[in-house]
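Enquirer: Below is the structure, and that's it, no one-letter string:
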């Protein structure tokens, strides 16, 4: 028996459930139920017990937990299979393995601690215990590998809009997938996929949000920030994650995972890169220009000094005044 099985039953009602009823439902002894209740209490769950009445879930812990997250979920697909881990190397790697094993569309993995998180271009992103949000979403869309590049900007747009609503911060998107406040990074997004030549098997979208972190390693302190640093407030991570998943499903559903011109226009208005001087690498050369808009597929349009337009689909772009 998994203690989460007890939690699942208790979380479905506000009434007391007898130890015998729990034991019968789970096919275990009352002693096993008692041990499970004790374990849940040690993990921060408030469980009342009354003689001849049984047990009742009275309080959820402050840290990430599925019962609390589900209270905020309004989705039909994303989060229908939701798993909360105490610690993991990388939520993306963990979910990719589940994807290989047949995990369904909409599966979500989150963790209280991430020790080997991954960023773009091989960078690492670590999340200390109960400080930040690290989660990954698995999708099984009917699309080609060439179309996957449109998913990341949509995810960035969804997260940026949710943060603006929740925090009232003037969050913006640094092309293609970072959400920033002012000149510093608040959210990173990494999309990976498993695909055949002409069809995607699954996509994994990994998202990291700096929530309660107040000190960053020296090498990134100049470009990283958190919700705590920007607002002086501690946000409920269960509420945040539920809101992010709601926003992702809403955005993915209304766009059908496609960057139409209307969606690109909305993204462009929130993209801090547009209108700024940028520098990028092309054919082993460093080129500079002005970002003038977002083209089809979410590509960045850059006007060079000679007036020609380059459309960037990927790669590292340095934005003047940002990072």
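Expert: Received it, and whenever you're ready, just let me know what you need. Owing to the predicted nature of the structure, the values given are computational and were not obtained by experimental measurement.
Enquirer: how about low-confidence regions in this structure?
Expert: Counting by pLDDT under 70, the chain has low-confidence residues at 118-127.
Enquirer: and the residue positioned nearest the centre of it, what are its bridge partners?
Expert: With distances taken as C-alpha atoms, centre = their mean, the residue of the chain nearest its centroid is residue 207 (3.5 Å). Beta-bridge pairing of residue 207, defined through DSSP bridges, involves residue 135, residue 189.
Enquirer: what about it, distance to residue 141?
Expert: Separation of residue 207 from residue 141 (C-beta to C-beta, to the nearest Å): 17 Å. Where you see a C-beta, it was placed from the backbone N, CA and C, and this is true even at glycine.
Enquirer: And for residue 70?
Expert: For residue 70, the distance to residue 141 (C-beta to C-beta) stands at 24 Å.
Enquirer: Among these two, which residue is more densely surrounded?
Expert: Neighbours per residue (other C-beta atoms under 10 Å) separate residue 70 from residue 141, with residue 141 holding more: 17 against 14.
Enquirer: Find the residue closest to the more buried one in space, skipping its chain neighbours.
Expert: Distance criterion C-beta to C-beta, 6 or more residues apart in numbering; nearest residue to residue 141, sequence neighbours excluded, is residue 257 at 5.5 Å.
Enquirer: Quick check: the one you found touching residue 142?
Expert: No - using C-beta atoms under 8 Å as the test, residue 257 is too far from residue 142 to be in contact (9.3 Å).
Enquirer: Between those two, tell me which one has more neighbours.
Expert: A direct count of neighbours by other C-beta under 10 Å for residue 257 and residue 142 places residue 257 higher, at 17 against 8.
Enquirer: three-state assignment of the more buried one?
Expert: For residue 257, the assignment made with DSSP: H, G, I helix; E, B strand; the rest coil gives coil.
Enquirer: list the contacts for it?
Expert: Residues near residue 257 by C-beta atoms under 8 Å, 6 or more residues apart in numbering: 139, 141, 143, 147, 150-151, 154.
Enquirer: Give me the distance between it and residue 59.
Expert: From residue 257 across to residue 59, the span is 39 Å (C-beta to C-beta).
Enquirer: for residue 184, same thing?
Expert: 35 Å.
Enquirer: So the two - more neighbours on which side?
Expert: Neighbour comparison, residue 184 and residue 59: the larger count goes to residue 184, with 20 against 10 (by other C-beta under 10 Å).
Enquirer: so who does the nearest residue to the more buried one once chain neighbours are set aside touch?
Expert: Excluding the flanking residues, the one nearest residue 184 by C-beta to C-beta, 6+ apart is residue 225, at 3.8 Å. Listed by C-beta under 8 Å, 6+ apart, the contact set of residue 225 reads 181-182, 184-186, 210.
Enquirer: Phi, psi for residue 225 please.
Expert: phi -140, psi 180 (degrees, to the nearest 10).
Enquirer: Could you do the one 5 residues further on as well?
Expert: Summarising the backbone geometry of residue 230 under the convention degrees, to the nearest 10, its torsions are phi -80, psi -30.
Enquirer: One more: residue 162?
Expert: According to degrees, to the nearest 10, residue 162 has phi -60, psi -40.
Enquirer: my guess is it meets residue 242, correct?
Expert: No - assessed by C-beta under 8 Å, residue 162 is found out of contact with residue 242, at 10.0 Å.
Enquirer: List the contacts of the host helix or strand of residue 95.
Expert: Following DSSP states H and E, one finds residue 95 within helix 91-100. Contact with helix 91-100 is made by 85, 88, 103, 107, 109-111, 114, 116-118, 134-138, 190, 192, 194, 201-202, 204, 206, as judged by C-beta under 8 Å, 6+ apart.
Enquirer: same thing with stretch 280-298?
Expert: Residues from elsewhere that reach stretch 280-298 (C-beta under 8 Å, 6+ apart): 149-150, 152-153, 175-176, 259, 264, 267-268, 271, 273-279, 300-305, 309-313, 315-319.
Enquirer: For residue 33, give me its contacts.
Expert: Contacts of residue 33 by C-beta under 8 Å, 6+ apart are 6, 19, 22-23, 26.
Enquirer: could the residues you listed go into TSV alongside secondary structure?
Expert: Below are those laid out as TSV (three-state DSSP):
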residue	secondary structure
6	helix
19	helix
22	helix
23	helix
26	helix
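Enquirer: can you pick the most crowded of these?
Expert: Most neighbours among the contacts of residue 33, by other C-beta under 10 Å: residue 6, with 27 neighbours.
Enquirer: And the strands in the stretch 151-300 of the chain, which stretches?
Expert: 172-174, 178-181, 184-195, 200-209, 277-282, 285-294, 300-304 (DSSP state E, counting those that start in this stretch).
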